[in-house]
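**Q** can't give you the sequence, but here's the structure:
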């Protein structure tokens, strides 16, 4: 039976690594009775958190793959005779289904966050009450903005020394430019955290019982009354712009009803113009149930969002999609995993209904597939269902497709827009013995299909297999999975950086390709110039007038230039940022052909490239190092030793934070050096920032190394 879409919430839980996302999800599942015991991410019981179902996740204490689950919250947990739920205002809510995706925090697995944000309607942004806005918080914020995802913020870990939610709220405003306002304030901090004050209802909420499962509302303690009134007034002032009635009551000094305040706050959240901030400690079992209420009150249902697709059969005209069960089915396959029963395809249903036993059509290749098994996911467990309606997030078995494919009922070919996929920045050469080659091939096929940032290629000269990804941890996890899941003994080369080549000045070319081998030969002449291109990888400009090159051979010139971009002439890296303009040439009535002009374009590229002052570009990473203030000098020194540039540093409550930009090539092995320099007390996070020129001495070393490798082959 399909649930009313107004009572569905599709949310993601996202944050910087180690901010408590998975712990928060674990508490949500416990309080909604989806699990009956709490297990910690790095628990001593050896069980691990429910949402970290992969063995590697439990060993490392991090989330590697996004995991989906669902739960219910609202009236079904309300029993007036149950002392756990006495006098708790959240019970006015009805039954709601919450589909949750717990996403990784480590930047190496950022594509998991990208694909989650692509299909979610709202999000909880988790922040550490001590560290506040960190490097990956900025990335997550950018992803939420990219897909237009409304969010609420949850300041976690307020039971830790040095926690300050008001400072975190200010950082949300200053660093992320979000209109963040407190919706709650904590009652006590650090080891004195006892509860929260709800600024909408102006009541105190305390979390009693062994696991904080018994909620008790009471009057606001006298020592917090003035602070609560101050922040409630700030909240009302912030939301008054979203409701004229509320604004009038506020100006006249009248009492504002709770429901009117909630309604105005919801309007602001849905417009993505305000971010309410909630408080608590997931590990300390405080603040989670009111956060669940906030998800229902303030985050959108599928009916509140506007989604559209492209009509493939009608010049890709934009088609509005509605969460209406009577309309034709449209769903997006956003994640693939390989399970014991074959490929598991996660699908977000945007329109219509998908039923078990019926046929659906892949818009990409027009293939018809049968929905043989339809399930709801609860981490690595599944529950069979007969149908799913608009707004649902479900999974299919036995469907061969790719991540990003759109499925319909066949009445129309609608394609949903694809998600943003960042380019890899690091690669390894891998080898396996002949006995394992078949299993290696299976592993590589599976992983590259599951993860669009995991790329597999072959070196055309050596035949070696190259895997590329977002960082050392990203590739190390896949290599470990090859060993464990496919029993492949993989040997790897030292990591390779994804360098690029480009040109820095204009260079003219005038190249004639002429070949006579008896009979008809090959002839083509192209002339023009090569120059740097700002803000793009490649551009071809046809400046031919007067027919010096016949029109049918213009695309051949473009194709020849494009083929030269794969491997530059300096170190064999891909060439980017090049604009090729042709303005003259000549042809032969008999000897000119598509192949002749492709060859002429290649020759012209080789002629002009050395004259255009080519340079090597390297990936620059944004690095954030955090540790005790006593080690700030060592932290800065560790950056400087790696060709890094310190952008800024700050120190609060004895915790120092250094922000820098460092070439990726210099970051290998940094974690070991940082631990040594700070007695193991500092940590760092990094993400790709941009490409920039390598220094001359480094460029000369790279060119020499490339020439030596070519000579030895």
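**A** Yes, it's here. Remember, predicted model here, so these are calculated numbers, not experimental data.
**Q** surely residue 14 touches residue 24?
**A** No: here residue 14 lies out of contact with residue 24, judged by Cβ atoms under 8 Å, at a distance of 10.8 Å. Quick note: C-beta positions are derived from backbone N, CA and C, even for glycine.
**Q** overlap in contacts of the two?
**A** Contact criterion Cβ atoms under 8 Å, 6 or more residues apart in numbering; residues shared by residue 14 and residue 24: 124, 126.
**Q** tell me which of the two has more neighbours.
**A** residue 14 (31 against 26; other Cβ atoms under 10 Å).
**Q** for that one, helix, strand, or coil?
**A** strand (DSSP: H, G, I helix; E, B strand; the rest coil).
**Q** need the contact list for it.
**A** Contacts of residue 14 by Cβ under 8 Å, 6+ apart are 21, 103, 105, 113, 116-117, 123-126, 140, 143-144.
**Q** try it again at 6 Å.
**A** If you count contacts by Cβ atoms under 6 Å, 6 or more residues apart in numbering, residue 14 has them with 103, 113, 123, 140.
**Q** which among the residues you listed gets closest to residue 224?
**A** residue 123 (29.0 Å; Cβ to Cβ).
**Q** in a strand, the closest one, correct?
**A** Yes: according to three-state DSSP, the state of residue 123 is that of a strand.
**Q** I figured it hits residue 152, correct?
**A** No: applying Cβ atoms under 6 Å as the test, residue 123 and residue 152 come out as separate, 7.9 Å apart.
**Q** tally of neighbours for residue 175?
**A** 14.
**Q** return the helix or strand in this protein with minimum mean pLDDT.
**A** Within the chain, no helix or strand scores below helix 55-60, which has a mean of 55 by mean pLDDT, DSSP states H and E.
**Q** parallel or antiparallel, list what pairs with the following helix or strand past that one.
**A** Going down the chain from helix 55-60, the next helix or strand is strand 67-73, by DSSP states H and E. Here strand 67-73 has these sheet partners by DSSP bridges: strand 96-102 (antiparallel).
**Q** mind listing the strands for the stretch 1-150 of the chain?
**A** Counting by DSSP state E, counting those that start in this stretch, the stretch 1-150 of the chain has these strands, from start to end: 8-15, 67-73, 96-102, 122-128.
**Q** would you list those strands in TSV and tack on mean pLDDT and distance to residue 286?
**A** What follows is those, written out as TSV (pLDDT from 0 to 100; distance: least, Cβ to Cβ, whole Å):
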stretch	mean pLDDT	distance to residue 286
strand 8-15	87	17
strand 67-73	80	17
strand 96-102	83	20
strand 122-128	92	14
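**Q** scan this protein for its longest strand.
**A** Criterion DSSP state E: the longest strand present in the chain is strand 614-628.
**Q** all strands of the stretch 451-600 of the chain, in order?
**A** Counting by DSSP E, counting those that start in this stretch, the strands of the stretch 451-600 of the chain are 455-458, 465-469, 490-492, 496-497, 500-503, 507-515, 522-532, 538-542, 578-586.
**Q** nearest approach to residue 410 belongs to which of those?
**A** Going by Cβ to Cβ, the one of the strands of the stretch 451-600 of the chain nearest residue 410 is strand 455-458, 32.9 Å.
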